[in-house]
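K.L.:
how does the following fold in three dimensions:
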Amino acid sequence: MTSSNESLVVRVQGQSKLVKEQLPLPAPNIGQVQVKVSHVAQNPTDVQSFDVNAFGDGAVLGCDFVGEVTGLGDGVTRLGRGDIVAGLTWGGEIPGLGGYAQYSVADQRISFKVPAGISRAEASTVPLAATTAWLALFSKCCLNIDRSRASKTSILVWGGSSSVGLYTIQLAAIYGFNVITTCRPHNADLVQSYGANHVFDYNDPSVIEKIKDAAPSLQHIFDTIGNNTSSAISSQAFGGRQGHLCTVRPGKAHTEQVTANTHVTDVLVWTAFLKDHAYGDYRWPASQEDHELASELFENLPSWLAQGAIKPNKAKIFLGLDSVPQGFQEYRDGKVSAYKIVYEV
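P.N.:
The predicted structure follows:
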């Protein structure tokens with residue numbers, strides 16, 4: 001095995017650049033495995049972190065990856081050498097460690113073995129978006145929806161054709177929630193095939209009234225878009241009732257204009273890991289409950305994927321780490337819709 005780790009590194013020299021460099025191989029800590037990466041999926045947080053230089057010089061970005069287990073840390077029992085796994089890491093948080101590299105590390109409880117019939121590229125789209133959706137729905141710090149009352153509960157997924165939106169719809173459908181969603185008209189058949197009961201065009205001037213008709217007792221909204229209008233507009237679907245809205249935006253950004261009866265929370269996927277996290281001025285303490293909840297998801301994902309209850313995002317494959325700047329620009333240009341960019345390392 002090689003003794004170095006070719007990685008795509010953020011270098012801040014006036015204007016930030018992505019540069020391929022040889023870094024030391026990452027060593028797995030307790031409960032972690034070392035993974036030789038074959039595929040890494042692009043997420044909006046990768047581009048946003050690069051554009052605002054969130055982690056500074058020397059960061060390696062990339063959060064979702066798939067590859068072969070090549071090393072075991074102490075205490076690893078769920079995975080073995082040679083397993084093909086999908087893992088999750090906060091690329092950039094630890095200098096020199098991320099998904100845009102030949103090798104990374106995965107937590108055995110926050111990763112899963114890729115089942116037969118699911119390609120590595122498809123599997124790489126799952127961890128971050130599915131965990132975000134799962135925590136948003138069921139974490140006590142987010143919507144905290146009672147799974148035992150699913151048949152009597154409606155959930156509005158604002159932005160159903162986004163990566164997080166598609167996993168939210170599917171997870172909610174597994175439990176039998178009444179799922180209402182919004183998307184562009186050309187994605188309506190897709191989100192309905194994933195389990196949405198009602199689909200509306202978010203640009204329709206009557207969209208809020210239509211949502212109210214479909215879910216007259218709506219109390220839960222997940223805003224998977226988090227732009228400067230999505231939370232404010234979607235919160236109107238509560239009418240005069242009290243309701244709970246969770247946004248994907250850290251620090252509850254862009255929620256100042258929600259209706260007065262809306263209780264706002266935000267979801268941070270990194271609470272899946274049992275450690276404190278910081279991002280800019282924001283702080284999130286370690287959450288044992290979120291860690292256990294996320295571990296439950298990763299235990300279920302192989303069977304759900306194998307059964308077709310969860311379908312991975314459509315993957316648009318780019319070849320090599322040299323193509324990452326091109327993929328980043330495709331996201332900035334607003335061209336990514338109902339698919340996820342995946343790099344074959």
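
K.L.:
would you agree Pro325 is in contact with Leu18?
P.N.:
Yes. Counting by Cβ atoms under 8 Å, Pro325 touches Leu18, with 6.0 Å between them. Heads up, the C-betas are built off the backbone N, CA and C, glycines and all.

K.L.:
thought His263 was touching Gln242?
P.N.:
Yes. His263 is within contact range of Gln242, at 7.1 Å (criterion: Cβ under 8 Å).

K.L.:
circling back to that earlier point, what about Pro325 and Leu18, which has more around it?
P.N.:
Using other Cβ atoms under 10 Å, the more surrounded residue of Pro325 and Leu18 is Leu18, with 18 against 13.

K.L.:
which residue, other than its chain neighbours, is closest to that one?
P.N.:
Distance criterion Cβ to Cβ, 6 or more residues apart in numbering; nearest residue to Leu18, sequence neighbours excluded, is Leu8 at 5.1 Å.

K.L.:
likewise Tyr194?
P.N.:
Ile169 (4.8 Å).

K.L.:
for the residue nearest to Leu18, give me its contacts.
P.N.:
By Cβ atoms under 8 Å, 6 or more residues apart in numbering, the contact set of Leu8 is 18-20, 60-62, 100-101, 321, 324.

K.L.:
now for those: which two are most distant?
P.N.:
Val19 and Gly62 (14.4 Å; Cβ to Cβ).

K.L.:
neighbour count: the two, which is higher?
P.N.:
Gly62 (29 against 11).

K.L.:
from Gln102, how far out is that one?
P.N.:
Remark: distance between Gly62 and Gln102 (Cβ to Cβ, to the nearest Å) = 12 Å.

K.L.:
Asn300 now?
P.N.:
From Asn300 to Gln102 the distance is 30 Å (Cβ to Cβ).

K.L.:
pretty sure Gly239 is touching Lys212, no?
P.N.:
Yes. Look at Gly239 against Lys212 with Cβ under 8 Å: they come within range, at 5.9 Å.

K.L.:
count of neighbours near the residue nearest to Tyr194?
P.N.:
Other residues close to Ile169 by other Cβ under 10 Å number 31.

K.L.:
secondary structure class for the spatially most central residue of the chain?
P.N.:
With distances taken as Cα atoms, centre = their mean, the residue of the chain nearest its centroid is Ala129 (2.1 Å). Here Ala129 is recorded as helix under DSSP: H, G, I helix; E, B strand; the rest coil.

K.L.:
how close does it get to Tyr279?
P.N.:
Distance from Ala129 to Tyr279, by Cβ to Cβ: 18 Å.

K.L.:
again, but for Arg120
P.N.:
From Arg120 to Tyr279 the distance is 29 Å (Cβ to Cβ).

K.L.:
break the chain into its domains for me.
P.N.:
4-126+312-344, 130-271 (automatic domain parsing).

K.L.:
redo those domains as JSON lines? Include mean pLDDT.
P.N.:
Shown next, in JSON lines, are the domains of the chain (pLDDT from 0 to 100):
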{"stretch": "domain 4-126+312-344", "mean pLDDT": "96"}
{"stretch": "domain 130-271", "mean pLDDT": "96"}
